Each structure stands twice: as C-alpha cells, then as structure tokens.
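Structure for the following, please:
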Amino acid sequence: MARVAARLSENGERSTHPVDEVLPLPKLALYGFQHVLAFYAGAVIVPIIVGNALKLSPEQLVYLINADLFTCGIASIIQAWGIGRIGARLPLIQGVTFTAVSPMIAIGLGAGGGTAALLVIYGAVITAGIATFAFAWLPAKAFRAVMRLFPPVVTGTVITVLGIVLIPVGLNDAAGGLGSPDFGDPKNFAYAGGTMLFILVLMKIGKPFLSSISILLGLVVGTTVAFLLGDAKFGDVSKSDWVGVSTPFHFGVPKFEWFPIVLMLIVMLITMVETTGDTYAVGDIVGKEVDSETVARALRADGAATALGGVLNSFPYVAFAENVGLVRMTKVKSRFVVVAAGVFMIILGLLPKAAAIVAAVPHGVLGGAATVMFAMVALAGIQTLAKADLKEERNALIVGVSLAFALLPATVPVFFTKHMDADLSSLLNSGVTLGATAAIVLNLVFNGLAKDGAHDAPEAGAQALADAEVDTAPGSDATATVTATAPEAAKAELPAQPVAAPAGAEKADDAETSSAG
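You can find the predicted model right below:
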C-alpha cells in the first residue's frame, strides 16, 4: 500500500486533499525557504521605497525591513494555517501591497517626512486594517452580495493585470535594479538570462523534486556564480547585528487623521480585489473549491495582518501574487509549506545577519527568477478568464479596456506627475488600481451583478477536474487514474454568465502521476 504523508483539515481531522498535506520536515523547510527567496525582493522593496522617500536614516530603514519580514511571517502563518474563521487555509503568502506605496508616500510627505510621517501612516494603516477585518465579518448573505461584484471576468482581469504590472519589476531587476550605477549593463542580463535558462532546463528535464525547487536552485547557482566572479557582495553581513526585535509602536504613538485614513481605506478596497483574485487563482491551482466563506476568511487575515502591521511598524498586507505563480510552477500544493515560509520570515526578521545574506542575491539573478514567476502570475489570470466566455463581446471589452487602463501609468507617467492633483495622483498612479476599478465598473455596466457561484466550474468540468486530479506534490506516493476527458467536460451546461470549460480540465493523456522522491 502506498505511503501517504499526514494531511490535516481545518478542524484538525485527517484530510485527503493535497493542500492539507503535511510534508516531511526537510521538504517543508526546503520548499518554505524557496517561497521566502521568491518573495523576498517584493517584500523589502516597499519599506525601502517608502523609507527613502521619507528620508529615514539607514538604521531606521533596516528596522523597517526587519519589522516587515517579522510581520510577513506572522501574517502568512495566519493565512495558511488559519485561526478559527480567520485565514483561507490555502498556500498564500502575505506581503506588503505595492498599491499602498504612492498613497503612503503622499501621506508621509504631507506630514513632513521622517518618523513623524510614519506615525500618521501607521494611524491610517491600523484603521484601514480594522475596517477590512470588520467588513469580512458581514453576514453571509450580505458578503455573498458583495462577492457578486467579482465574477471570473473581473478577478481574472485583476490577476492578469498584476502579472503584467509585475513583469517590468522583474525586468528592471534583471537590468541591475532601478537607480543602480550599472543599470542596463549586459552583465546583469547575462546573470538574469543564465538564471532563467537554468530554471527552465530544470523544469523541462528535471525530476519532479528538482522541478519543484527550480527557483531556489536557480537563485543559489546564480548567486554562487556571481560570487565567484566578484559580483555578489556579502560585506553587509558582518556589519549587521545578530539579533533585532521589532517592538510595538517603536517610532511613537500613531496619529489618526481623517484624509490619510480615507486614502488608506480606498487602498484596502483595491487590495481586497487582489486578495479575492489570488484566492480564487490558488484555489484553481491546488484544485480546492473556493467559496464566499473562504474569501471572507482570506480578507479577515488581510485585515488582521494590516492592523498588526501598523502596530509592529509595518504597512498594509495582501495575498502576494508572486507566490501564486510559484505554486503553479512547482505544483507543491501544501499550505504547510507557507507556514514553514512564515517561520523563516519571522527568523529573518529577528536575525538581521540572516536577512543580510538573503539580501545579497544580485539583482540580475533575482530578476531572472522573478520574471519567470511574474509571467506565471499573468498566466494564472488568463486561466481564470477561461471561466468567462471571451467570445462574448461584452466580456472581451471588459478585459481589453481594463488592460489598457492598467498600462496608462507606466505608458504616460507625466499625466499623473504633472497634470493631476498630488493627492489624486497618489491614488490613481497605479496600474492595479486603474485596471481593477475599470474591470469592476465595466462589468457592472455590461453584465450587472453576477449570480452566486459564478466562479464555480461547470458540473461536468468540475467532475473532470476531480477525477483527473493527481497529487503532484513531490514526495507523495499517491496515484490517480483519469476517468474524464476534456471533450466530456466541454459538454457541461453553462451558468447564466457565459462560462467556458475550466482550463484545468486537461486531456487524459496529459495527466501525470508522481511518486515519492
């Protein structure tokens, strides 16, 4: 009889679903550390940007980074492990949202910069977090009504926009990092291209276990090569302290001002759309049904993490799209991998020296890996869009026009910086904000409110997914036999809003089984 790793459901009982699988400790540690490396740059870039804009000292900036990592770890554990009815219990990493960067800088500069500005920001962050947490506790009927604003054509568009907006971030890292003296140097692109090629080769010819840690191995090998060639610097490690603890309200008591609070509440509305889309996307990837209660639990974790972030000197939190792409690439579905990643992040937040080692990964190497993952985020959005019939002109218009709006800030930045009020620009100068808003508004205009269950796969398609599901998490000995094919799934009756057969309903001869590594 095949040996199957322990699996725990949300109530602590034995579960048969791969997302609840508790992998052996070495694999949990390895996969968890890979998630940390995958999201590390995105996690620390927000405090770096905000701290530099507010002209904080280097010591204060390091403190912000450590506080962010520490809170990220706690937030990710809450989201993946779950506490009561808080947390989606899916492999979702929590990180500081990019959507809040411009508004926070505007709030901080308006408050005069420095640590005094942080106090105003934290007051707004705490209030917005509490409001989000409270919203997610609406009665089930009321919450389902709100979720009708987010059918597949909306959430799929938002996830696709996230991927498209993030890809330039990866490419900028591949070029050496914006603002660096060697930005655009071919050497940086050589590191990025070599790392990307190494990852792709592992994904193509590697065994399931090697494929599942391809991002981690790519970063390690790329950094090793860079170190041997003198391009990876570890000098900051010796300058860092061994231990650094983030204490509540380190910079002082938060200040609560009405305009920053309103601005941050709007930011949290956008992050709610992001988290909703990411929750549905990762649910599709791991093959677990996501309903309105799952989304509510995910948003409660967002709200709790954001309020906690304001207390522990950090910023608003959201389910990180970067790691959704990693789950798709590696096919490691266990949520306990994210719990392990959360433990690593807490350790990094307490050990500045350890964080400095991870931070030494060269931009070019990081950019090569990040670009692959961000592209997979966009693909996850496209797969979600497969549930909305894009042959319908109204759905095609929603997606196309929303993508156009999302590209406006990057294409014509001068419109926001020179021809728009600074406060309004701080809110609208974001591709995610514009794309998500356009998708919601256009969907209401063309389709109205979606019916309950708009995200559910058609009955036959869902059965094909259930029958074809293979536990692809490396290390599992479980096997499965496919009993339904894509043509059979295509015969499913479509719901009221046009829905196509799910992207996951694959042909029988494409399904693979895996055995223990």
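
neighbours around Pro352, how many?
The number of residues packed near Pro352 is 22, by other Cβ atoms under 10 Å. In short, each C-beta sits where N, CA and C put it, glycine included.

looking at it, it is touching Lys239, isn't it?
No: using Cβ atoms under 8 Å, Pro352 is not in contact with Lys239, being 9.3 Å away.

Model confidence for Phe33, exactly?
Phe33 is assigned 87 on the pLDDT scale.

do Val295 as well
90.

tell me the contacts of it?
By Cβ atoms under 8 Å, 6 or more residues apart in numbering, Val295 lies in contact with 88, 147, 275-276, 279-280.

is it true that Ala145 lies in a helix?
Yes: under DSSP: H, G, I helix; E, B strand; the rest coil, Ala145 falls within a helix.

Counting neighbours, what do you get for it?
Ala145: 14 neighbours (other Cβ under 10 Å).

any idea how far it is from Leu138?
Remark: distance between Ala145 and Leu138 (Cβ to Cβ, to the nearest Å) = 9 Å.

can you check Arg394 too?
Taking Cβ to Cβ, one finds Arg394 at 29 Å from Leu138.

So for those two, which residue has more residues nearby?
Using other Cβ under 10 Å, the more surrounded residue of Arg394 and Leu138 is Arg394, with 16 against 13.

still on that earlier bit, dump the contacts of Val295 into a markdown table; add neighbour count and distance to Thr384 as well.
Output for the contacts of Val295, formatted as a markdown table (neighbours: other Cβ atoms under 10 Å; distance: Cβ to Cβ, whole Å):
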| residue | neighbour count | distance to Thr384 |
| --- | --- | --- |
| Ala88 | 30 | 16 |
| Met147 | 20 | 15 |
| Thr275 | 29 | 14 |
| Thr276 | 28 | 11 |
| Thr279 | 25 | 11 |
| Tyr280 | 24 | 6 |
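
Of the residues you listed, which pair is most distant in space?
With Cβ to Cβ as the measure, no two of the contacts of Val295 lie farther apart than Ala88 and Met147, at 13.8 Å.

how about the strands of this protein, start to end?
94-96, 317-319 (DSSP state E).

Give me the sheet partners of the last one and which way each runs.
It stands for strand 317-319. Applying DSSP bridges, strand 317-319 is found paired with strand 94-96 (antiparallel).

ok, residues contacting the strand it pairs with?
Residues outside strand 94-96 that contact it (Cβ under 8 Å, 6+ apart): 39, 42-43, 46-47, 68, 72, 75-76, 78-79, 301-302, 305, 309, 314-320, 322.

Keep only those of those residues that are in helices.
39, 42-43, 46-47, 68, 72, 75-76, 78-79, 301-302, 305, 309, 322 (DSSP state H).

Tell me, how many residues neighbour Trp242?
By other Cβ under 10 Å, neighbour count at Trp242 equals 9.

cool, and Lys233?
11.

any idea how far Glu274 is from the nearest residue to Gly163 once chain neighbours are set aside?
Of all residues not flanking Gly163 in the chain, Ala378 sits nearest, at 2.7 Å (Cβ to Cβ, 6 or more residues apart in numbering). Using Cβ to Cβ, Ala378 is found at 14 Å from Glu274.

intersection of neighbour lists for these two?
Joint contacts of Ala378 and Glu274 (Cβ under 8 Å, 6+ apart) are Leu162.

In terms of neighbours, single out the busier of these two.
Ranked by neighbour count (other Cβ under 10 Å), Ala378 and Glu274 place Glu274 first, with 24 against 20.

Is it correct that that one is in contact with Leu162?
Yes: using Cβ under 8 Å, Glu274 is in contact with Leu162, at 6.7 Å.

sorry, back to before: among the ones in helices among the contacts of strand 94-96, which ones are buried?
39, 42-43, 46-47, 68, 72, 75-76, 78-79, 301-302, 305, 309, 322 (16 or more other Cβ atoms under 10 Å).

For the stretch 1-150 of the chain, which residues score under the pLDDT cut-off?
Applying pLDDT under 70 to the stretch 1-150 of the chain flags the ranges 1-17, 41-42, 45, 49, 58, 102.

List the residues that contact the most centrally placed residue in the chain.
Among the residues of the chain, the one closest to the centroid is Phe320, at 1.5 Å (Cα atoms, centre = their mean). For Phe320, the contact set (Cβ under 8 Å, 6+ apart) comprises 39, 42-43, 92-95, 278.

same check, this time on Ala341
31-33, 35-36, 73, 76, 93.

Now with 7 Å, please.
With contact set as Cβ atoms under 7 Å, 6 or more residues apart in numbering, Ala341 has these partners: 32, 35-36, 76, 93.

Relative to His363, which of these is nearest.
The closest of the contacts of Ala341, once distances to His363 are taken by Cβ to Cβ, is Val36, at 17.5 Å.

Relative to Ile77, how far out is the residue nearest to the closest one when sequence neighbours are not counted?
Once flanking residues are discounted, Val36 sits nearest to Phe344: 4.8 Å by Cβ to Cβ, 6+ apart. For Phe344, the distance to Ile77 equals 11 Å [Cβ to Cβ].

One more: Thr115?
Taking Cβ to Cβ, one finds Thr115 at 29 Å from Ile77.

Neighbour count: the two, which is higher?
Ile77 (22 against 14).

contacting residues around the nearest residue to that one once chain neighbours are set aside?
Using Cβ to Cβ, 6+ apart and skipping the chain neighbours, the partner closest in space to Ile77 is Gly342 (3.8 Å). Shown in contact with Gly342 (Cβ under 7 Å, 6+ apart): 73-74, 76-77, 80.

where along the stretch 101-250 of the chain do the helices fall?
Assignment of helices within the stretch 101-250 of the chain using DSSP state H, counting those that start in this stretch yields the ranges 101-110, 114-135, 140-147, 152-174, 186-205, 208-212, 214-228, 235-239.

Just the CA trace of the first one, in CSV.
What it means is helix 101-110. This file holds the C-alpha atoms of helix 101-110, laid out as CSV (Å, rounded to 0.1, in the frame of the first residue of the first chain):
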residue,chain,number,x,y,z
VAL,A,101,3.2,52.8,-1.9
SER,A,102,2.2,56.0,-3.7
PRO,A,103,-0.6,56.9,-1.1
MET,A,104,1.8,56.3,1.8
ILE,A,105,4.5,58.5,0.3
ALA,A,106,1.9,61.2,-0.3
ILE,A,107,0.6,60.9,3.3
GLY,A,108,4.2,60.9,4.7
LEU,A,109,5.4,63.9,2.7
GLY,A,110,2.2,65.8,3.6
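
List the buried residues in that helix.
Buried, per 16+ other Cβ under 10 Å, within helix 101-110: 101-108, 110.

swap in the fourth one?
Taking 16+ other Cβ under 10 Å as the neighbour-count basis, helix 152-174 is seen to contain the buried residues 152-167, 169-174.

so what secondary structure elements neighbour it?
helix 186-205, helix 258-286, helix 321-330, helix 363-385, helix 393-411, helix 431-446 (3 or more Cβ pairs under 7 Å, 6 or more residues apart in numbering; DSSP states H and E).

sorry, back to before: may I see the contacts of Gly342 organised as a markdown table, with distance to Lys207 added?
Shown next, in a markdown table, are those (distance: Cβ to Cβ, whole Å):
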| residue | distance to Lys207 |
| --- | --- |
| Gly73 | 30 |
| Ile74 | 35 |
| Ser76 | 28 |
| Ile77 | 30 |
| Ala80 | 26 |
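
which of these lies closest to Gly129?
Ile74 (13.1 Å).

So what's the residue count around the closest one?
Neighbour tally, Ile74, other Cβ under 10 Å: 21.

Could you do Val441 as well?
That count, for Val441 with other Cβ under 10 Å as the rule, works out to 15.

Local confidence estimate at it?
Confidence score, pLDDT, at Val441: 91.

Ala378 and Ala341: what is the separation?
Taking Cβ to Cβ, one finds Ala378 at 23 Å from Ala341.

now swap in Ala370 and tell me
Applying Cβ to Cβ to Ala370 and Ala341 gives a distance of 16 Å.

Thanks a lot, see you next time.
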